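Chemist: Here you go, sequence then predicted model.
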Amino acid sequence: MEYTQRAVRGAVIVFILSLGAAVLGYLVRLVLARNFSSADYGLFYAGISLFGLFALFKELGMNQAIVKFIPEYLHDKRWDKIKGLLVAVFSFQFMTSGIVSLAFIAAADWLAEVYFRTPAAAPIIRVLAIVFWLFPVDNVFRYAFQGFQKMLLFASVECIRMLIVVLSLLALIPFLGSIMAAPYAYLISYAVLPLLFLPFLWRLFPDFFSTKMLLDKAFLGDIFRFSLPVMVGLVGGIIFSYTDTAVLTYFRSLEEVALYQSAQPTANLLLYITYALSAVILPLSSELWAKKQAGKLQAGIHALYKYAMIGIIPLSLTAAVFASPILRILFGSGYIGGSIVLQILSFGAIFYTIGYVNGNILSGIGKPGINTTIVVGASLFNLVSNIMIIPFFGIAGASFTTLLSYIIILVLTSRKVNEHVHFETPWLDWGKTAGAGAVFAGVMIGMKALLHANVLIEMLIGGVLASCAYLGVLIVLRVLGPYDIRVVKEMVRRGIGQGK
């Protein structure tokens, strides 16, 4: 139970702070949507998506290498390897991201004319190029903290960064009066962040400068052998994250990009449960696999599977049922057209949650290549489908192809986890949980139809009644039992604060 509780406590910490970062990131979008036109809003996030397509060159698959190897080196007390790992990763990432950034700065005017079809894109591209160059600084802090399993610090980096973005944006808008306030706000955040977190990293590794660094050919070979399949897998993640918007920018209007970029991040809020779970399971599975404690790993996977599915289903269904009012309240009536995207992607979040956790388990046990093959295959399906469907069906087609890709990843990664960890996928329990989710959705839709009240009142009353029905069905179907109650009581007794 110790490792299960440790995983759940760490996931709760990461979820809370990641959700805080997501709320702040969402606030940035709301401020931009309320202060600028939909075309300006779409232009900025089209620029973000363009740089996202080149995320491979700022990561090189090495972020997960930090998370993978630091627990192993700590177990062996090899601080020389930890120093070599951090220096090597930062050096390679900073060099490659710099090359890409300089290329974008040189091509800014051409991209503005050919791809964005507006000269207003050129200065945005130049500032975002500098931000792109600074990404590796953020990476080395975040993933070092994760590797040391300091989940509070790991999750705080993104949260603090987004707080700096919000404060900078609010200060810059009155002075600049244009969408340029957004890229400059991000630039400020990446410049300030290292100054805030350097003391914490120093505390974890106080002898950094005096420790001899291992950086020979064999050591670098180990890093690159792990990072290469992860890097290839990043191609799949990049396609999922950014090609929808990139293809929409090319074939459709910036206004339609704005609709998609209001609904997609709203649906992505649901995925912070996924990211929290995965942030914990990767280093934890690496540690347990290295110690050959397969039984504890299986127990941890079982707990994460169960609680992840139980948690994500009601949240996803709530977002789907109230898609239109959510977008109207947050972004304004002009963005209601994105409700179909929010409904489809909210449903897709259920499949993505388990598939993403599976990928981190496979990476943790030293099988990143398997996850890479699956993700790249699904992402290529997504890319080809986008090119074929988006010109005709726009944002609805983009979201539907993403949903299908999530399903492919869930099915294939589950089979591989079964094969290598000897863990049986709980399809029956998932089916029971889905049935309870259908009851949840039915109650929510029924209360919405009956009340005809303020949307917040409908969500509150409907949510309480639907949750009671949902938990009741889970208990009747024996998805939840006495063991789960004992786990919750033990977590409360020990306190979440011990997960720091």
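Modeler: Great, that's in hand. Numbers count the residues shown, from 1 in each chain.
Chemist: Now do the helix or strand hosting Tyr305: which elements does it pack against?
Modeler: Assigned by DSSP states H and E, Tyr305 belongs to helix 294-321. Taking 3 or more C-beta pairs under 8 Å, 6 or more residues apart in numbering; DSSP states H and E as contact, the helices and strands that helix 294-321 lies on are helix 2-35, helix 272-290, helix 339-364, helix 368-421, helix 427-451, helix 455-476. All C-beta atoms are positioned from the backbone trio N, CA, C, and that covers glycine.
Chemist: mind putting these in TSV, mean neighbour count, distance to Phe104 and mean pLDDT included?
Modeler: Putting the helices and strands packed on helix 294-321 into TSV (neighbours: other C-beta atoms under 10 Å; distance: least, C-beta to C-beta, whole Å; pLDDT from 0 to 100) gives the following:
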stretch	mean neighbour count	distance to Phe104	mean pLDDT
helix 2-35	19	21	76
helix 272-290	24	27	68
helix 339-364	25	28	88
helix 368-421	19	22	88
helix 427-451	17	44	88
helix 455-476	17	42	87
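Chemist: Of all those, which one comes closest to Ala191?
Modeler: Smallest distance to Ala191 across the helices and strands packed on helix 294-321 (C-beta to C-beta): 17.1 Å, for helix 2-35.
Chemist: relative to helix 339-364, how tilted is the helix holding Tyr305?
Modeler: Here the directions of helix 294-321 and helix 339-364 differ by 170 degrees (axes from the mean of the first three to the mean of the last three C-alpha atoms, to 10 degrees).
Chemist: for helix 294-321, which positions count as buried?
Modeler: The neighbour-count check on helix 294-321 (16 or more other C-beta atoms under 10 Å) flags 296-297, 299-301, 303-321 as buried.
Chemist: Could you give me the buried positions within the next helix or strand after that helix?
Modeler: Next helix or strand after helix 294-321 toward the C-terminus (DSSP H and E): helix 323-331. Within helix 323-331, the residues scored as buried using 16+ other C-beta under 10 Å are 323-328, 330-331.
Chemist: Closest to Gly177 out of these?
Modeler: Phe331 (20.8 Å).
Chemist: could you measure the closest one against Ser324, distance?
Modeler: When distance is defined by C-beta to C-beta, to the nearest Å, Phe331 is 11 Å away from Ser324.
Chemist: just to revisit the earlier point, now the angle from the helix holding Tyr305 to helix 323-331?
Modeler: Relative orientation of helix 294-321 and helix 323-331, computed by the same axes, to 10 degrees: 90 degrees.
Chemist: any idea of the mean pLDDT in helix 294-321?
Modeler: Per-region confidence: helix 294-321 scores 83 on mean pLDDT.
Chemist: still on that earlier bit, how about the helices and strands packed on helix 294-321 in CSV, adding distance to Trp202?
Modeler: CSV is the format used below for these (distance: least, C-beta to C-beta, whole Å):
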stretch, distance to Trp202
helix 2-35, 21
helix 272-290, 21
helix 339-364, 27
helix 368-421, 30
helix 427-451, 44
helix 455-476, 45
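Chemist: what about the helix holding Tyr305, distance to the chain center?
Modeler: 16 Å (C-alpha atoms, centre = their mean, to the nearest Å).
Chemist: quick one on the thing from earlier: what is in contact with Phe331 and Ser324 at once?
Modeler: Between them, Phe331 and Ser324 share no contacting residue under C-beta atoms under 8 Å, 6 or more residues apart in numbering.
Chemist: Other residues contacting the one helix or strand Tyr41 maps to?
Modeler: Per DSSP H and E: Tyr41 is located in helix 38-52. Contacts to helix 38-52, defined as C-beta under 8 Å, 6+ apart, come from residues 29, 32-33, 104, 111, 115-116, 118, 120-121, 124-125, 128-129, 131-132, 178-179, 182-183, 238, 241-242, 245-246, 249, 253-259, 261, 334-335.
Chemist: run the last query once more with 7 Å
Modeler: By C-beta atoms under 7 Å, 6 or more residues apart in numbering, the residues outside helix 38-52 that reach it are 32-33, 116, 118, 120-121, 124-125, 128, 132, 179, 182, 238, 241-242, 245-246, 249, 254-255, 257-258, 261, 334.
Chemist: Over to stretch 247-260?
Modeler: Contacts of stretch 247-260 (C-beta under 7 Å, 6+ apart): 38-39, 41-43, 45-46, 244-245, 335, 337-338, 341, 386-387, 390-391, 394-395, 398.
Chemist: mind redoing it with 8 Å?
Modeler: With C-beta under 8 Å, 6+ apart, stretch 247-260 has contacts from 33, 38-39, 41-43, 45-46, 49-50, 115-116, 118, 244-245, 335, 337-338, 341, 386-387, 390-391, 394-395, 398-399.
Chemist: now stretch 363-383
Modeler: By C-beta under 8 Å, 6+ apart, stretch 363-383 touches 64, 68, 226, 229-230, 232-233, 235-240, 243, 281-286, 289, 297, 358-359, 362, 401-402, 404-406, 408-409, 412-413, 416, 420-421.
Chemist: repeat that with 7 Å
Modeler: By C-beta under 7 Å, 6+ apart, stretch 363-383 touches 64, 68, 226, 229-230, 232-233, 235-237, 239-240, 243, 281-282, 285-286, 289, 359, 362, 401-402, 405, 408-409, 412-413, 416, 420-421.
Chemist: From the chain's centroid, how far away is that stretch?
Modeler: In terms of C-alpha atoms, centre = their mean, the centre of stretch 363-383 is found 16 Å from the chain centre.
Chemist: And stretch 244-254, by the same measure?
Modeler: Its chain's C-alpha centre lies 22 Å from the corresponding centre of stretch 244-254 when counted by C-alpha atoms, centre = their mean.
Chemist: Check which residues of it are buried.
Modeler: Result for stretch 244-254 [16+ other C-beta under 10 Å]: buried residues 244-249, 252, 254.
Chemist: Leu451: what's it in contact with?
Modeler: 457-458, 461.
Chemist: can you rerun that using 8 Å?
Modeler: So Leu451 contacts 457-458, 461-462 (C-beta under 8 Å, 6+ apart).
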